[in-house]
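Q: build me a structure from this.
(chains A and B)
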Protein chains: 2
Amino acid sequence: MPVYQATASAPVNIACIKYWGKRDTKLILPTNSSLSVTLDQDNLRATTTSRADPKFEQDQLWLNGKVDEIKPGGRLATCIAEMKKLRAQVESGSPNEPKLAEFKLHISSFNNFPTAAGLASSAAGFAALVASLAALYQLPTSPSELSRIARQGSGSACRSLFGGFVAWEKGTAADGSDSLAVEVAPREHWPDIHALICVVSDDKKGTSSTTGMQRTVETSTLLEHRIKHVVPERMRAISEAIKARDFDTFARITMQDSNQFHSVALDTDPPIFYLNDVSRAIIALIIEYNRVSVEAGGKLKAAYTYDAGPNAVIYTLKENVKEIVSLIVKYFPQTDGFKDTFGLFGSTGVGEGGVVEGFNVNVAKKFEVGAVKGLIHTRVGDGPRVLGNEEALLGADGLPTTIA
Amino acid sequence: MPVYQATASAPVNIACIKYWGKRDTKLILPTNSSLSVTLDQDNLRATTTSRADPKFEQDQLWLNGKVDEIKPGGRLATCIAEMKKLRAQVESGSPNEPKLAEFKLHISSFNNFPTAAGLASSAAGFAALVASLAALYQLPTSPSELSRIARQGSGSACRSLFGGFVAWEKGTAADGSDSLAVEVAPREHWPDIHALICVVSDDKKGTSSTTGMQRTVETSTLLEHRIKHVVPERMRAISEAIKARDFDTFARITMQDSNQFHSVALDTDPPIFYLNDVSRAIIALIIEYNRVSVEAGGKLKAAYTYDAGPNAVIYTLKENVKEIVSLIVKYFPQTDGFKDTFGLFGSTGVGEGGVVEGFNVNVAKKFEVGAVKGLIHTRVGDGPRVLGNEEALLGADGLPTTIA
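A: Numbering: from 1, shown residues only, chains lettered A, B, ... in the order given. I've put the predicted structure just below:
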């Protein structure tokens, strides 16, 4: 009997227009549309192998080699059940297909993110789960349709079903059937979009986004105005900016929407803070870096954005990455040096960093080593990839391999 | 010839419903009404002596003994001109009155605030200026009418013309004639309202409130909703809470409105941050302190509020001050000990502080000495006081005395 198995990898995505608030917590239907950039899987990815076997006694899942319980009625169970339903449809139309939908599954998933990076791994994880099952089940389903299922695992996971620039349309149907991800533009449209992730140390654990966003929905007196009157126009304008490769507008809206997301978090009762003094200092540096450019008759060259934590993601064009890495390293000395994935600095390395001419160095103080404990340089990337069996994360025994 | 001179002192006030945004920057007309508690002049005050003398060659003003230039068309000049106008009206109706409106003025003003307290002194300063001139000119003018003039010096100064609980009605007239302070309740109505000011160290100078609020008016997409739909209801509800001595509601609205003010500051482009990690930690402590009370079936016992800077003002009832001082001192050790104005702790002093039973000590870390560099305990106070000549700040030579 053949081994029914497939392996897929999926990327992370970082939103420019933020998702914050659900109108349906079970189906994970958002209160507003959102838009993100998919980051390159060559740098950050979740990889998942799914195997269907009549000998398996129950559906089981391992995350980074450890059992992750599939709770009945929980998010994992929902996604798996939805995928089996699609497989069953395929089988009912093609009686010769093996009855995989009836077999139990073993699923092994692995994130390659640096330890303690504090990066939301659930988006990549649920996208890889859905992509590996779609490959295993040989589904004819479109990425948008798959995104509807990934969404029920983790809202923002739906955006990781596409590469490039991705909108999650909030939809209006009560059953969530039109709450889907759609491609705004593929990576090839604007490959020069790069991202620098600044991993920021934090003393204390923040409010989880699941809890936090619903507290905002219940208590903020500003959120509804954002949802109804601010986001729709921003979605339109940033999509247009992406299509026109207008970085200035893209950057302006990205920063405004990051600010507004943290603004409604602060307008929550009790208030939610994700930005700390290090996050604030990075914002001050990017504002000053842009000011120098604009004052010289140029345009915005970088955009910061923050999710539900203190880590900064800085979007910029490829040509500016070197300046921005230098800037960040100058204020936030790195223990292990900067891992120069793209070979920007040659053999000399980034050294102590530096600022561009005209930069007011007093906009922030120099922090101690470790305040920014990691810098990851990546860029816009593609959507989920189906990988060969040589990359499988389940051994012949149906248990996770221990590769790291 | 007699010496025409008067001395008055005026209090600071700290808003519960925040003033942020002008609809007329010259007349200082606000975009929304605001409400504050006047703090006791026994602890914090500005004192001003004004003297009119036909021998003086020009209007002159000294602040803490140093010349403060009265720029033509500036805020000081406007207030002084308005007060002279009122005096001229009195004189035209009573021909026997000395013609003080025609004499030049010497004005000496002094703040007793601790050095570097970072407390907005302009509100108390302009209120004391107007009060001393009203006394010098023997004006029959009501405090509300005087507040209209103080408002043109510094918006929030208008609220320092009253003691107790004070609303600044935004008004609708284009000339600002109905943008005035009114008493919501006198201090005697609710004398148990106490305040603890936590003076917080900051690395960098923040955006001035004058600049910051207009940037918010110009760029925030949330401010208008706050102005139109949130503040009016909060003004009504907090006034009612004050009248009913309902501390729970008073505290809830005060914290919500502090959060929302900082929220619209953050929604500004570029964003404005006034709260730092120390401010955030104080918020976390107050939230946890209230949680313990509410979980035990009680009510909110404290309310934090922050103006355009990192300093916290904590409002509470007299009976809770001791617990709150202990709490703050535990997390923010004091160099010089706590100045126990009200004799709460007796001869043993506050010591190392402590928390109430059931308090989760992990909501914040303990900070280094100096993170909160001063604690000032005060309470609700009265409005401007006219003082005797023995407290005058101008000598026989018409120059500032050097008393400190």
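Q: when you work out contacts or count neighbours from here on, use the C-alpha atoms and nothing else.
A: Will do.
Q: strands along the stretch 301-404 of chain A, start to end?
A: If DSSP state E, counting those that start in this stretch is used as the criterion, the strands of the stretch 301-404 of chain A fall at A:302-306, A:312-317, A:372-379, A:385-387.
Q: and the longest one, which strands flank it?
A: It stands for strand A:372-379. strand A:193-200 (antiparallel) (DSSP bridges).
Q: what about A:Leu129, how many neighbours?
A: By other C-alpha atoms under 10 Å in any protein chain shown, the residues close to A:Leu129 number 29.
Q: I'd like the distance between it and chain B.
A: Distance of A:Leu129 to chain B, computed by C-alpha to the nearest C-alpha, to the nearest Å: 36 Å.
Q: list the contacts for that residue?
A: A:Ala8, A:Thr48, A:Thr49, A:Ser50, A:Ser109 (C-alpha atoms under 8 Å, 6 or more residues apart in numbering or on different chains).
Q: Serialize these to JSON lines and add fields for distance to A:Ser279 and secondary structure.
A: Formatted as JSON lines, the contacts of A:Leu129 follow (distance: C-alpha to C-alpha, whole Å; DSSP: H, G, I helix; E, B strand; the rest coil):
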{"residue": "A:Ala8", "distance to A:Ser279": "34", "secondary structure": "strand"}
{"residue": "A:Thr48", "distance to A:Ser279": "33", "secondary structure": "strand"}
{"residue": "A:Thr49", "distance to A:Ser279": "36", "secondary structure": "strand"}
{"residue": "A:Ser50", "distance to A:Ser279": "38", "secondary structure": "strand"}
{"residue": "A:Ser109", "distance to A:Ser279": "31", "secondary structure": "strand"}
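Q: near chain B, which of those residues show up?
A: For chain B, no contacts are drawn from these by C-alpha under 8 Å from any C-alpha of the partner chain.
Q: now the two most distant members of these.
A: Maximum pairwise distance among the contacts of A:Leu129 (C-alpha to C-alpha): 9.6 Å, between A:Ala8 and A:Ser109.
Q: shared neighbours, those two?
A: A:Thr47, A:Thr48, A:Thr49, A:Leu129.
Q: related to what we said a few turns ago, for the strands of the stretch 301-404 of chain A, which one ends up most surrounded?
A: Of all those, strand A:302-306 carries the top mean neighbour count, a mean of 26, counting by mean count of other C-alpha atoms under 10 Å in any protein chain shown.
Q: got the contact list for that strand?
A: A:15-16, A:251-252, A:254-255, A:258, A:275, A:283, A:286, A:289-290, A:312-317.
Q: now the residue in chain A positioned nearest to chain B, what's its secondary structure?
A: Residue nearest to chain B within chain A: A:Ser263 (4.4 Å; C-alpha to the nearest C-alpha). Under the three-state scheme (DSSP: H, G, I helix; E, B strand; the rest coil), A:Ser263 adopts helix.
Q: pLDDT of the helix or strand encompassing A:Phe250, averaged?
A: For A:Phe250, the element it lies in under DSSP states H and E is helix A:247-266. What helix A:247-266 shows for mean pLDDT is 98.
Q: what angle separates that helix from strand A:302-306?
A: Using axes from the mean of the first three to the mean of the last three C-alpha atoms, to 10 degrees, the inter-axis angle of helix A:247-266 relative to strand A:302-306 is 20 degrees.
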